[in-house]
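> Fold the following, please.
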Amino acid sequence: MISAPASGTGKTTVMLGLLRALAEDGLTIQPFKSGPDYIDPAFHQAACGRASFNLDGWAMGAKLWQAITAQAMGSDLCLAEGSMGLFDGVATRGQQGFGSSAETAQALGWPVVLVLDVGGQAQSAAATALGFRSYMPDLPFAGVILNRVASARHERLTRLGMERAGLPVLGVLPRRGDLALPERHLGLIQAVEHPDLDAAIGNYAAFLRANVDLGAIRAAAAGRARQGALPASLPRPPAQRIALARDAAFSFTYPHLLQGWRNAGAEILPFSPLADEAPDPTADLVWLPGGYPELHAGRLAGAQSFRTGLRRHAETRPVHGECGGYMAMGDALIDKDGTRHQMLGLLGLVTSYQTRKFHLGYRRAVLSAPMPGFTPGTALRGHEFHYCSILEQPDAPLAEVRDADGGLVPETGSHRGHASGTFFHLITQDESA
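Coordinates of the predicted model:
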């Protein structure tokens, strides 16, 4: 488990560099992402050529967890990237836990590699690392990678602190300003948008190879997939032929969902709204994932083939949108400059990025109306992350939605005719319901 005391310490750079370097050494690496992140897994796959899957103790029950860890079969080594800080989660227990990376590592017996930003400190960094090792004494701990080291003297002083604390140093990364991945308001840009992703990851790998003991990383690996007699399978598809929007405006779908749909024999038919492509007319369902429609609202408003094809589909068959896809299904989207763009009009939703409001957190939704693949009364678990505000939502609510602590949230989703949408990204059906 590649983790850190906090976000922004360099763990994604370390993760991508390790994935590529170990793959270059001939190993088959299975990547994972701890927590509800739909951007990092695409970078992981680009780094090592193998699909990455999320593991989440709050949202996922034992059956789904077992099915996802089984994806590691046939690999030589698993590498998981943590979310936020190692112990960061929510206050109220979910299906299996509180959603922290430490819980994931502990459940699977995976030793933690702690990435420490040691800028502005030296021996004191050891106190931070020692606290992280001691906070959960039964958590496997492999050692530390020191990041943003300024000089040979800085390295020597920091190492002295680690030696005094008895903490193995697995690598020392010199301070460099040219290795950061581009970011925007939801975090990293998408992998599909990076101008030269393969070269960037190659640079990370060379950097890690020169400054990290890859042999020690490999030697520290331990753990297992969770064993159990529970029947394990990935989520079933909501239809047989699924037209899936897939481009820079719509790309946020959890990999385990798509894998489950494929495993069950569903056909996924990708199309690009930004290229003004209509969904396959033979599709049983159109699924619009989240993404960044606010950055492409003008193009989406002018994409006539997309609009005509999707509206025609919605006359007789279901269309479902998540977050950005949901916003595109609405009547209008107002961008950060205040320009109003006409959207598909399948729902009456009007959203605004000019009036920004931050929405972040787990969601548990009990459906009050059908959603593709699920009947009313079904409890779902997901995650919401966006900055838009709802100005109008005249349609009937799709679900009663609560946050991780059980508090009601106003983002209920909505439905009209064959159209439905939610602000949360679906992770799984609630196994405890």
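> Residue 233 and residue 264, how far apart?
Here the distance between residue 233 and residue 264 works out to 8 Å (CB to CB, to the nearest Å). Backbone N, C-alpha and C define where each C-beta goes, glycine included.
> Revised request: answer the last question for residue 18.
In this structure, residue 18 and residue 264 are 33 Å apart, going by CB to CB.
> Ok, residue 350 next?
Distance from residue 350 to residue 264, counting by CB to CB: 36 Å.
> So the two - more neighbours on which side?
Set side by side, residue 350 and residue 264 show more neighbours around residue 350, with 19 against 13, by other CB atoms under 10 Å.
> Report the contact partners of the residue nearest to the more buried one when sequence neighbours are not counted.
The spatial neighbour of residue 350 that comes closest, neighbours along the chain excluded (CB to CB, 6 or more residues apart in numbering), is residue 392 at 4.0 Å. When contacts are counted by CB atoms under 8 Å, 6 or more residues apart in numbering, residue 392 is found next to 331, 348-350.
> now stretch 280-287, how far from the centre of its chain.
Per CA atoms, centre = their mean, to the nearest Å, the displacement of stretch 280-287 from the mean C-alpha position of its chain is 25 Å.
> Give me the residues contacting that stretch.
238-245, 253, 269, 271, 279, 309-310, 312-314, 317-322, 325, 372.
> how long is that stretch from one end to the other?
12 Å (CA to CA, to the nearest Å).
> buried stuff in it?
Taking 16 or more other CB atoms under 10 Å as the neighbour-count basis, stretch 280-287 is seen to contain the buried residues 280, 283-287.
> Specify which member of those is nearest to residue 386.
Of all these, residue 386 sits closest to residue 287, with 17.8 Å by CB to CB.
> so the closest one is in which element?
Under the criterion of DSSP states H and E, residue 287 resides in strand 285-288.
> Residue most distant from the centroid, the chain?
The centre of the chain is farthest from one residue, residue 153, which by CA atoms, centre = their mean lies 38.1 Å away.
> and the gap between that residue and residue 117?
In this view, residue 153 and residue 117 are 18 Å apart by CB to CB.
> now stretch 269-288, how far from the centre of its chain.
Counting by CA atoms, centre = their mean, stretch 269-288 is centred 23 Å from the centre of its parent chain.
> next one: stretch 161-173
Its chain's C-alpha centre and that of stretch 161-173 lie 30 Å apart, by CA atoms, centre = their mean.
> same thing with stretch 34-42?
Average the C-alpha atoms of stretch 34-42, do the same for its chain, and the two points are 2 Å apart (CA atoms, centre = their mean).
> Just the C-alpha atoms of it, please, in PDB.
Coordinates of each C-alpha in stretch 34-42 appear next as PDB, following Å, rounded to 0.1, in the frame of the first residue of the first chain:
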ATOM      1  CA  SER A  34      -8.000   2.400  -2.000                       C
ATOM      2  CA  GLY A  35     -11.100   4.700  -1.700                       C
ATOM      3  CA  PRO A  36     -13.600   6.200  -4.100                       C
ATOM      4  CA  ASP A  37     -11.500   7.600  -6.900                       C
ATOM      5  CA  TYR A  38     -12.300   7.300 -10.600                       C
ATOM      6  CA  ILE A  39      -9.400   9.200 -12.000                       C
ATOM      7  CA  ASP A  40      -6.300   7.400 -10.600                       C
ATOM      8  CA  PRO A  41      -7.200   3.900 -11.900                       C
ATOM      9  CA  ALA A  42      -6.900   5.100 -15.500                       C
END
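> Sheet partners, orientation included, of the one helix or strand residue 415 maps to?
Under the criterion DSSP H and E, the helix or strand holding residue 415 is strand 414-416. Taking DSSP bridges as the criterion, strand 414-416 sits next to strand 396-397 (antiparallel), strand 419-422 (antiparallel) in its sheet.
> residue contacts, residue 40?
Applying CB under 8 Å, 6+ apart, we find residue 40 in contact with 12, 15, 33, 52, 81, 188.
> And for residue 263?
Each residue near residue 263 by CB under 8 Å, 6+ apart is listed here: 233-234.
> any weak-confidence spans in the chain?
Counting by pLDDT under 70, the ranges of the chain that qualify are 177-195, 224-231, 433.
> Can you pull the domain assignment for it?
When the chain is parsed into structural domains using automatic domain parsing, the resulting residue ranges are 2-220, 241-429.
> ok, the buried residues of stretch 280-287 vs residue 37, which is closest?
When these are ranked by distance to residue 37 (CB to CB), residue 287 comes first, at 19.6 Å.
> excluding its backbone neighbours, what's nearest the closest one?
Counting by CB to CB, 6+ apart, residue 287 lies nearest to residue 244, which is 5.2 Å off, once chain neighbours are set aside.
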